[in-house]
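> any chance you could fold what I've pasted below:
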Amino acid sequence: MPGITHWATFETKEALGYDGGTILTFTLRQTLRPARLTLSRFRLSVAIENFGLGLSDELRAIVAVEADKRTDLQKEYLSRFFKLIDPELKKKQQAVADAKKPLPDRSRA
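Numbers count the residues shown, from 1 in each chain. Next up, the predicted model:
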């Protein structure tokens, strides 16, 4: 979803590293449609041990603000973020959509 910071964390099954150094190769493939939606401002980081990935800088700044003092833009950002990551919300949205479907016509039975 555009306008929201996304990230991914990957861990190897075994430790990496060899005497003399290690070369890691990353390949990013973008298959988004429409093509005008492109990756932007991305970065790659490698760590020797798991440092844990918390909230993005944008989210950390927003949650540091008391809820009743957040701007409408901050509230919208949080709302969009949670809509993306909340599997229970997706289930409930699907249940509502299913409930709005017309019932089968049983008068002909």
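
> which stretches in this protein count as helices?
Per DSSP state H, the chain carries helices over the ranges 57-63, 72-85, 87-99.

> got the end-to-end distance for stretch 80-91?
One end of stretch 80-91 sits 16 Å from the other (C-alpha to C-alpha, to the nearest Å).

> will you turn the helices of the chain into JSON lines that also has mean neighbour count and mean pLDDT?
Yep, even glycine has a C-beta here, placed from its N, CA and C like the rest. Shown next, in JSON lines, are the helices of the chain (neighbours: other C-beta atoms under 10 Å; pLDDT from 0 to 100):
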{"stretch": "helix 57-63", "mean neighbour count": "13", "mean pLDDT": "85"}
{"stretch": "helix 72-85", "mean neighbour count": "13", "mean pLDDT": "86"}
{"stretch": "helix 87-99", "mean neighbour count": "10", "mean pLDDT": "89"}
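
> need these in JSON lines (columns: distance to Ser107).
Shown next, in JSON lines, are the helices of the chain (distance: least, C-beta to C-beta, whole Å):
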{"stretch": "helix 57-63", "distance to Ser107": "52"}
{"stretch": "helix 72-85", "distance to Ser107": "39"}
{"stretch": "helix 87-99", "distance to Ser107": "21"}
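
> tell me which of the ones you listed lies nearest to Phe26.
helix 57-63 (21.8 Å; C-beta to C-beta).

> contact partners of the closest one?
With contact meaning C-beta atoms under 8 Å, 6 or more residues apart in numbering, helix 57-63 is reached by Thr5, Gly54, Leu55, Arg70, Gln74, Tyr77, Leu78, Phe81.

> same check, this time on stretch 100-109
The contact list for stretch 100-109, computed with C-beta under 8 Å, 6+ apart, is empty.

> quick one: average confidence on it?
Stretch 100-109 shows a mean pLDDT of 80.

> what's near enough to touch Val96?
With C-beta under 8 Å, 6+ apart, Val96 has no contacts at all.
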